[in-house]
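Peer 1: no letters, just coordinates:
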């Protein structure tokens, strides 16, 4: 983690402009093609949809570096990595649980850790976050229906700069399997071009699913 400074005056004005707003977050929902990804998941006896999609979503956020920036008081810091915190169902309630897993660039290591934590949270659900931590990436799923937009419950204060990413129910269109993916971030840190790069990169990774998860196909 390191402190960062924007290199030009206009970028600093951009940050100040949006940070003063009561609701500084923005986002869009777009469809991504998961045809190759879903085929890879279905071919493997051990690869599960949720840990695999969380891996790709998180990897993309880490590669598009503004998604790793966070506001701390008057400072902006950049995290080297992120911890996805995603919603999972529980055994004893209709309400979901948070499930936080340290990211590993190795998909097998991450998948194993995610499976273990999902099983733990199924029986021991929690809404607790680590006090003071801001290296989270907040994720959730809405598997019951496809959607074209999402709103999030959150405290709209300047210090909340954690991106929120939600995926919905996938569906078929013209021979492709499409997934609605909503990406929201603090506009003082993440611009429209960064959001565009996020969607471009995750689509590239989804197309490379067989290569990325090849160890699950052996």
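Peer 2: Here it is on my side, so go on. A quick note: this is a predicted structure, and the numbers were derived from the prediction, not measured.
Peer 1: switch to C-alpha atoms for all contacts and neighbour counts from now on
Peer 2: Noted.
Peer 1: hmm, who's touching the strand ranked longest in the chain?
Peer 2: When the chain is parsed with DSSP state E, its longest strand is strand 176-186. By Cα atoms under 8 Å, 6 or more residues apart in numbering, the residues outside strand 176-186 that reach it are 24-35, 67, 146-150, 160-172, 195.
Peer 1: name the strands paired with that strand and say parallel or antiparallel.
Peer 2: Sheet pairing for strand 176-186, assigned by DSSP bridges, gives strand 25-33 (antiparallel), strand 164-168 (antiparallel), strand 171-173 (antiparallel).
Peer 1: could I get the average pLDDT for that strand?
Peer 2: Here strand 176-186 scores 97 as its mean pLDDT.
Peer 1: list the buried residues for that strand?
Peer 2: Of the residues in strand 176-186, 177, 178, 179, 180, 181, 182, 183, 184, 185, 186 count as buried by neighbour count, 16 or more other Cα atoms under 10 Å.
Peer 1: name the nearest residue to the last one, ignoring sequence neighbours.
Peer 2: Using Cα to Cα, 6 or more residues apart in numbering and skipping the chain neighbours, the partner closest in space to residue 186 is residue 25 (4.2 Å).
Peer 1: what is the burial count for the one you found?
Peer 2: Other residues near residue 25 come to 23 when the count uses other Cα atoms under 10 Å.
Peer 1: show me where the chain has helices.
Peer 2: 9-19, 35-43, 49-63, 107-123, 192-207, 209-212 (DSSP state H).
Peer 1: which one of the ones you listed is the most hemmed in?
Peer 2: Among the helices of the chain, the stretch with the highest mean neighbour count (mean count of other Cα atoms under 10 Å) is helix 49-63, at a mean of 21.
Peer 1: name the helices or strands packed onto it?
Peer 2: Counting by 3 or more Cα pairs under 8 Å, 6 or more residues apart in numbering; DSSP states H and E, the packing neighbours recorded for helix 49-63 are strand 83-88, helix 107-123, helix 192-207.
Peer 1: now do that helix: everything it contacts.
Peer 2: Against helix 49-63 from outside (Cα under 8 Å, 6+ apart): 38, 41, 67-68, 80-84, 86, 103, 105, 107, 110-111, 114-115, 137, 139, 198, 201-202, 205-206.
Peer 1: tell me which of the strands paired with strand 176-186 sits nearest to residue 121.
Peer 2: Closest approach to residue 121 among the strands paired with strand 176-186 (Cα to Cα): strand 164-168, 19.2 Å.
Peer 1: averaged pLDDT, that closest one. What do you get?
Peer 2: Averaging the model's pLDDT scores along strand 164-168 yields 97.
Peer 1: could we number from 14 for the rest of this?
Peer 2: Noted, 14 is the first residue going forward, which turns the last one into strand 177-181.
Peer 1: list the contacts for residue 53?
Peer 2: Here residue 53 is in contact with 222, 223, 226, 230 (Cα under 8 Å, 6+ apart).
Peer 1: how does it look with 7 Å?
Peer 2: Residue 53 makes contact with 222, 223 under the criterion Cα atoms under 7 Å, 6 or more residues apart in numbering.
Peer 1: same check on residue 25?
Peer 2: Counted by Cα under 7 Å, 6+ apart, residue 25 has contacts residue 19.
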